[in-house]
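**Student:** fold the following.
(one chain, ligands or ions: 1)
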Amino acid sequence: MSKIQESDRKIFNFPLDQFQQNFFCPICNSKSVLIDEIYTINSSYNNKFHLKECSFCHHWWIDPIPIQSYLSYLYSISSKFVVSHDYSNDSKVNSNDLNKLYKKIFSEKETSSDYNYLEIGIGSGDVYDYFQSITKICYGVEPGPWGLKHRNIVSDINELPLDLKFNRIVIFDVLEHVQNPIQLLKQVKMVAQSDVKLFCTFPNKDSILAKCYRSKWRMMRPLGHIHFFSKKSIKITLNKSGWYSTKIESSRPNLKTNFEIISDLFTIKSNLSEKIFNFPQEFLLGRDQWYIECNALKND
Ligand SMILES: [Zn+2]
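**Tutor:** Numbers count the residues shown, from 1 in each chain. Predicted coordinates:
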């Protein structure tokens, strides 16, 4: 696809009533500072947004924030303001990745067929299909049209069958996409059993790549990505939504290990010189995601 010239870009007339300005931190309500300006991922348009930082929890967000119904609408039509590629073309998750995930989600003593599994935001659906084949009950929440080809998918968490509760819940690369991550995690808690384990991944703004590149960081993808969490903003988010973390670690995209990064260099078919050029940064600094495991706080 040819690159769009700067002069060919236009301003998109976003419906202003579908956006909310957040002068205060959407996580802890403290004062914010403007740290940069940023374009959306739709390169045909020139619309600029603000990148804000909370003065207390150091959370970053895009301001103004689209309201959830508008975001869900943009996903339902696969708008270029929120998705930059067709999920069906995503590279397949391989059996190694699935085994690795299984070991994170179930201990050796646990049998997956005893568990009710819920995945929010199924993306390519490879992980979802795998867990559907090995768990007792499996549901997914996916507003994008790519969810339709999988079984037991609803477009909103409120559409899950009443009285069905889950004890393994996966939310990979979703919290950064929604208007209100606290609200989403509260809703997830409502459909969770008391012995639930929750697993999340999302961009890490405490990482060196985020601090160095700011609005040029590879995770800066408005209106796809809106929230960028610090360790402090994660803890506040969990506490306000009825969860606590048992593990918070910085990780690479797709939870890649050192060994996998090295073996990718030799196995993935793409531009070798580009891969060798990117390798040192990826190996040393590529941990610009969070991987967290959580339990539910007891209801009062
Ligand atoms: Zn804050």
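**Student:** correct me, but residue 92 touches residue 126?
**Tutor:** Yes - between residue 92 and residue 126 there is a contact at 5.9 Å, judged by CB atoms under 8 Å. Placement of C-beta: from N, CA and C, glycine included.
**Student:** looking only at neighbour counts, state which of these two leads.
**Tutor:** Taking other CB atoms under 10 Å, residue 92 and residue 126 do not tie; residue 126 has more neighbours (15 against 8).
**Student:** and that one, what are its phi and psi?
**Tutor:** When read as degrees, to the nearest 10, the backbone of residue 126 gives phi -60, psi -50.
**Student:** and for the one 10 residues further on?
**Tutor:** For residue 136, the backbone dihedrals (degrees, to the nearest 10) come out as phi -70, psi -60.
**Student:** confidence score at it?
**Tutor:** Residue 136 carries a pLDDT value of 97.
**Student:** which residue does the stretch 201-300 of the chain bring closest to the ion?
**Tutor:** residue 233 (5.7 Å; CB to the ion).
**Student:** just the element for that residue, please.
**Tutor:** helix 231-241 (DSSP states H and E).
**Student:** wait, residue 246 touches residue 297, no?
**Tutor:** No - Residue 246 lies out of contact with residue 297 (CB under 8 Å); the separation is 12.0 Å.
**Student:** quick one on the thing from earlier: what's the closest non-adjacent residue to the residue of the stretch 201-300 of the chain closest to the ion?
**Tutor:** residue 59 (3.6 Å; CB to CB, 6 or more residues apart in numbering).
**Student:** tell me the contacts of that neighbour?
**Tutor:** 25, 26, 27, 28, 53, 205, 227, 228, 229, 230, 232, 233 (CB atoms under 8 Å, 6 or more residues apart in numbering).
**Student:** from residue 39, how far off is residue 115?
**Tutor:** 43 Å (CB to CB, to the nearest Å).
**Student:** so those two - more neighbours on which side?
**Tutor:** The residue with more neighbours, out of residue 115 and residue 39, is residue 115; 22 against 15, by other CB under 10 Å.
**Student:** ok so, going back, okay, the contacts of residue 59 in TSV with secondary structure, neighbour count and pLDDT next?
**Tutor:** What follows is the contacts of residue 59, written out as TSV (DSSP: H, G, I helix; E, B strand; the rest coil; neighbours: other CB atoms under 10 Å; pLDDT from 0 to 100):
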residue	secondary structure	neighbour count	pLDDT
25	coil	22	98
26	coil	22	97
27	coil	26	98
28	coil	18	98
53	strand	20	97
205	coil	26	97
227	strand	23	98
228	strand	25	98
229	strand	29	98
230	coil	20	98
232	helix	16	98
233	helix	25	98
